[in-house]
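Visitor: can you look at this prediction? I've put the sequence above it.
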Amino acid sequence: MRWIIAAAFLIAAGSAQAQTPSTTTAPSSPAPAAAPAAPPVTQTAPAAAPHAVHHRRTRQEQFDAANTTHDGHLTQEQARSGMPAIARNFAAIDTAKKGYVTMDDIKAYYAGRRAARRAAAAAAKKTN
């Protein structure tokens, strides 16, 4: 199917290039009177295409954007500006009380939360 579409595209592109401009000229006529100036057109932002792909930033991309010092350590102030969920849970993530968190600390925090949810779901399943 794709090669059919590609072939149709190439044929259409080739036929468009094969056309030559017309060499006939229109008879000269007096220039039309100038039309009154139209008011400037204001345009709004174009709507997103219905097939546009929305990229959701990964946690690593968010961390890199929030880490303005680029030292691999995210302070609570940096987390407030770029990773609000990390800022809300900063004390729980910074278990060593270093005053900053690393990406490994964040991954360990979320892994612990996943494990706790799975354990709670397994316990709930056993009681039912």
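Guide: That came in fine, so what should we check first?

Visitor: contacting residues around stretch 66-73?
Guide: 64, 74, 78-79, 81-83, 86, 98, 100-103 (Cβ atoms under 8 Å, 6 or more residues apart in numbering). (C-beta placed from N, C-alpha, C; glycine too.)

Visitor: mind listing the helices for the chain?
Guide: Ranges of helices within the chain are 2-18, 59-66, 76-82, 84-88, 90-93, 103-127, based on DSSP state H.

Visitor: before we move on, back to that, buried subset of the contacts of stretch 66-73 as a PyMOL selection?
Guide: To isolate the buried members of the contacts of stretch 66-73 in PyMOL, using 16 or more other Cβ atoms under 10 Å:
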select buried, resi 64+74+78+79+82+83+86+100+101+102
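
Visitor: quick one on the thing from earlier: the helices of the chain into CSV, with extra columns for mean pLDDT and distance to residue 53?
Guide: Converted to CSV, the helices of the chain look like this (pLDDT from 0 to 100; distance: least, Cβ to Cβ, whole Å):
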stretch, mean pLDDT, distance to residue 53
helix 2-18, 57, 19
helix 59-66, 95, 16
helix 76-82, 95, 23
helix 84-88, 96, 24
helix 90-93, 97, 31
helix 103-127, 95, 25
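
Visitor: which residue is the nearest non-sequential neighbour of residue 80?
Guide: Distances taken as Cβ to Cβ, 6 or more residues apart in numbering place residue 87 nearest to residue 80, at 4.4 Å, with adjacent residues excluded.

Visitor: check contacts around the one you found.
Guide: 76, 79, 80.

Visitor: returning to what we had before: nearest to residue 124, of the contacts of stretch 66-73?
Guide: Checking these against residue 124 by Cβ to Cβ gives residue 86 as the nearest, at 28.3 Å.
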